[in-house]
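> here is a sequence with its predicted model. Questions after.
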Amino acid sequence: MLSFTLGQLAGLLGCELVGDPEIAITGISTIERAGPGEIAFLANLKYAPKIKSTRASAIFAAEPLKNTSAATLLSANPYYDFARALALFYQPPKPPLGIHPTACIAVTAILGPNPSIGAYAVIGGNAVLGADAVLHPHAVVYEGCAIGDEFTAHSHVSVREYTRIGNRVTLHNGVVVGGDGFGFAKANDGRQYKIVQSGITVIEDDVEIQTLTSVDRASLGETRVKRGAKIDSLVQIGHACVVGENNIICAQTGLAGSTVLEENVIMAGQTGSSGHLTIHKNAIVWAQAGVGHDVPEDGIVSGSPAFDSRDWLRASAAYARLPEMLRTIRALERRVAELEKKGSA
């Protein structure tokens, strides 16, 4: 079991310690569940009352804490330092260094130093992987791919032909990068004719894509996911889309072809775009919104079709009152009809 003293943790994370530096920390948990020897975090002050009953030995917080015997690791960003501490305690398993005897690697493939290639992994002809590549069992890299250093592909990942991937990219189970975009042309006889998807998919540095997500290749040109983007599970990135730097795209989101997201965009869960539009930098698309037009810089939209969130909140409040409003309108209509009837008598 890994263990650090609070003094060691404070030094590693650059935090100021209020408390005993010799306290041993063996794990991390929530304020509610943490016990002796564990550290918790307080990122939102609305949870501050819970520290009175916590059994944690220490807490990450932005200021010294009262009403608790727990030590405090003072942090300008408690949630971020909690995440960094968690990485110290949990090291995910990976295949041992070397190439498993059941792996199938083309003779023309090039692997950098220190590969970890698991059972039944496949690497196609002329593929290039950088240093410290990790392919878990049954991961597949097609021919002609160019992949940078510290690449991790979990089981059942498929990286299709000629895909370009940067450094420190992680693909979780079942991710498909570079699968065919959805393109068909209707022939004169009504049959659908497949449009060859001749473009490529590019994944830049420090991207993480979680389980069962698909990033399609383009029919022409490229589909690109830019540096630092984080994509959740069950997301569909259509052909020729651009996902901007440091984007957050949450689960069950779908981007139709040629959607462009600029930097720092957040797409919440179950959102979608109709394609051939731009969501400008720092915009937020709230959950279950359907975007059918450009979203301005710093814009926040909700609803389907999506529009300004402030207007959407007012509209939602009014929507709940529609039955009452309808009854009022009908009563007024009856009253007007009665007055008109009396006036004509």
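Arrived safely, thanks for sending.
> and Lys50, that's in a helix?
Yes. Residue state for Lys50 (DSSP: H, G, I helix; E, B strand; the rest coil) corresponds to a helix.
> grab the nearest non-local neighbour of it.
Ile31 (4.8 Å; Cβ to Cβ, 6 or more residues apart in numbering). C-betas here are computed from N, CA, C, even on glycine.
> where does that neighbour sit: helix, strand or coil?
coil.
> let me see the contact set for His293.
When contacts are counted by Cβ atoms under 8 Å, 6 or more residues apart in numbering, His293 touches Leu277, Pro305.
> circling back: verify the contact between the residue nearest to Lys50 and Thr54 for me.
Yes. If you go by Cβ atoms under 8 Å, Ile31 and Thr54 touch, sitting 4.8 Å apart.
> chain center to whichever helix in the chain runs longest: distance?
If you go by DSSP state H, the chain has its longest helix at helix 322-344. Chain-centre distance of helix 322-344: 53 Å, with Cα atoms, centre = their mean, to the nearest Å.
> what's that helix in contact with?
Ala318.
> make residue 1 into 304 and carry on from there
Noted, 304 is the first residue going forward, which turns the last one into helix 625-647.
> buried residues in that helix?
Residues of helix 625-647 classed as buried: none (neighbour count, 16 or more other Cβ atoms under 10 Å).
> keeping just the C-alphas, turn that helix into CSV.
What follows is helix 625-647 as a C-alpha-only set of coordinates in CSV (Å, rounded to 0.1, in the frame of the first residue of the first chain):
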residue,chain,number,x,y,z
LEU,A,625,-49.2,27.0,-20.1
PRO,A,626,-52.2,25.0,-18.9
GLU,A,627,-53.1,27.7,-16.4
MET,A,628,-52.6,30.4,-19.1
LEU,A,629,-54.7,28.5,-21.5
ARG,A,630,-57.5,28.2,-19.0
THR,A,631,-57.3,32.0,-18.4
ILE,A,632,-57.4,32.8,-22.1
ARG,A,633,-60.5,30.6,-22.6
ALA,A,634,-62.2,32.2,-19.6
LEU,A,635,-61.4,35.7,-21.1
GLU,A,636,-62.7,34.5,-24.5
ARG,A,637,-66.0,33.4,-22.9
ARG,A,638,-66.3,36.7,-21.0
VAL,A,639,-65.7,38.7,-24.2
ALA,A,640,-68.3,36.6,-26.1
GLU,A,641,-70.8,37.2,-23.3
LEU,A,642,-70.2,41.0,-23.4
GLU,A,643,-70.5,41.0,-27.2
LYS,A,644,-73.8,39.1,-26.9
LYS,A,645,-75.2,41.6,-24.4
GLY,A,646,-74.0,44.5,-26.5
SER,A,647,-75.9,43.2,-29.6
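> common neighbours of Ile334 and Thr357, please.
Shared contacts of Ile334 and Thr357, counting by Cβ under 8 Å, 6+ apart, come down to Ala343.
> where does Phe385 fall, phi/psi-wise?
When quoted as degrees, to the nearest 10, the phi and psi of Phe385 stand at phi -60, psi -40.
> hmm, it is touching Ala337, no?
No. With contact defined as Cβ under 8 Å, Phe385 does not reach Ala337; the gap is 11.5 Å.
> shared neighbours of the two, which are they?
With Cβ under 8 Å, 6+ apart, Phe385 and Ala337 have common neighbours Ile331.
> list the contacts of the residue nearest to Lys353.
With Cβ under 8 Å, 6+ apart, Ile334 has these contacts: Ala343, Phe344, Leu345, Tyr350, Lys353, Ile354, Thr357, Ala359, Ile362.
> show the average pLDDT along stretch 325-341.
For stretch 325-341, mean pLDDT rounds to 93.
> how far is that stretch from where the chain is centred?
Distance, centroid of stretch 325-341 to centroid of chain: 28 Å (Cα atoms, centre = their mean).
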